[in-house]
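coordinates for the following, if possible.
(one chain, ligands or ions: 2)
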Amino acid sequence: MNTQRILAHFQESAELKIQSANVLAQPISQAVELMFAALANGNKILACGNGGSAADCQHFAAELVGRFERERNPLPALALTTDTSIMTAVGNDYSFNDIFAKQVQAFGQPGDVLLAISTSGNSANVLAAAEAALEREMRVVAFTGKDGGQLGKMLTDADVHINVPHSRTARIQEVHLCAIHCICDGIDVALFGGDEE
Ligand SMILES: O=C(CO)[C@@H](O)[C@H](O)[C@H](O)[C@H](O)COP(=O)(O)O
Ligand SMILES: [Zn+2]
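Ligands and ions are numbered 1, 2, ... in the order given. As a prediction, this is how the structure comes out:
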């Protein structure tokens, strides 16, 4: 394979990370504050998304329940992407669009946070989950790309929108993962200090 193509992927990814840092530092900081306040109040974080974004949800939940870089007590975060019995039952008996919303209705409490990840902002099951969360007085942290899609439009001022300024799904996902690690670090800093600014 032509290594130029590989170099181009790295180049585009690195450039987008730098560009996104300027645009996303503020909303990522807001997401840390929102999530930490919820956790400190005894609430939890639910996470949903499809494909690579489902993997991101699981990655995020693993770092909260296990640990990120510092030793600490487990924090309550649940990926809604892992229970194949729930997802096949709801998908089969209702609709694939309901696989996350039903779980939000089952597990979500007022004050909990939904991490909703969709690079297009238009996946119907993620939109339904966000709608269910808002109905339950949960807050939503939305990770999107492109123009933010319908997900970006349904958020309230109390929610947080982390919209990656790019059109390519793979590149958007790479920035989403960086944002997830920023949030995990921010939660550790909120717990233990270490923010020198
Ligand atoms: O990881 C990738 C592409 O890089 C895919 O698995 C991708 O996540 C899937 O096509 C998703 O269904 C895309 O959905 P969304 O990000 O638009 O909500
Ligand atoms: Zn991917």
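
ok, for the residue in the chain that ligand 2 sits nearest to, nearest residue in space, not its chain neighbours?
For the chain, the residue closest to ligand 2 is residue 52, as judged by CB to the ion, at 3.2 Å. For glycine as for every other residue, the C-beta is placed from the backbone atoms N, C-alpha and C. In this structure, residue 52 finds its nearest non-sequential neighbour in residue 173, 4.9 Å apart by CB to CB, 6 or more residues apart in numbering.

next up, the contacts around the residue nearest to residue 137 when sequence neighbours are not counted.
Distances taken as CB to CB, 6+ apart place residue 110 nearest to residue 137, at 3.8 Å, with adjacent residues excluded. By CB atoms under 8 Å, 6 or more residues apart in numbering, the residues touching residue 110 are 136-138.

please pick the buried ones from those residues.
136, 138 (16 or more other CB atoms under 10 Å).

can you get me a residue count around residue 83?
Residue 83 sits with 14 neighbouring residues when counted by other CB atoms under 10 Å.

which helices and strands does the helix or strand where residue 152 lies pack with?
Taking DSSP states H and E as the criterion, residue 152 maps to helix 149-154. On a contact count with 3 or more CB pairs under 8 Å, 6 or more residues apart in numbering; DSSP states H and E, helix 149-154 meets helix 124-135, strand 139-144.

ok, back up a step: pick the one among the contacts of residue 110 closest to residue 11.
Proximity of these to residue 11 (CB to CB) peaks at residue 138, which lies at 38.9 Å.

need the contact list for that closest one.
Taking CB under 8 Å, 6+ apart, we find residue 138 in contact with 46, 104, 108-114.

then residue 17?
Contacts of residue 17 by CB under 8 Å, 6+ apart are 174-175, 178.

neighbour-wise, which of the residues you listed leads?
residue 175 (24 neighbours).

distance of that one relative to residue 38?
Look at residue 175 and residue 38: by CB to CB, to the nearest Å, they are 23 Å apart.

I'd say residue 27 and residue 160 touch.
Yes - assessed by CB atoms under 8 Å, residue 27 is found in contact with residue 160 at 5.4 Å.

mind listing the strands for this structure?
45-49, 77-79, 113-117, 139-144, 160-163 (DSSP state E).

adding distance to residue 187, write those out as CSV.
Output for the strands of the chain, formatted as CSV (distance: least, CB to CB, whole Å):
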stretch, distance to residue 187
strand 45-49, 10
strand 77-79, 10
strand 113-117, 12
strand 139-144, 12
strand 160-163, 14
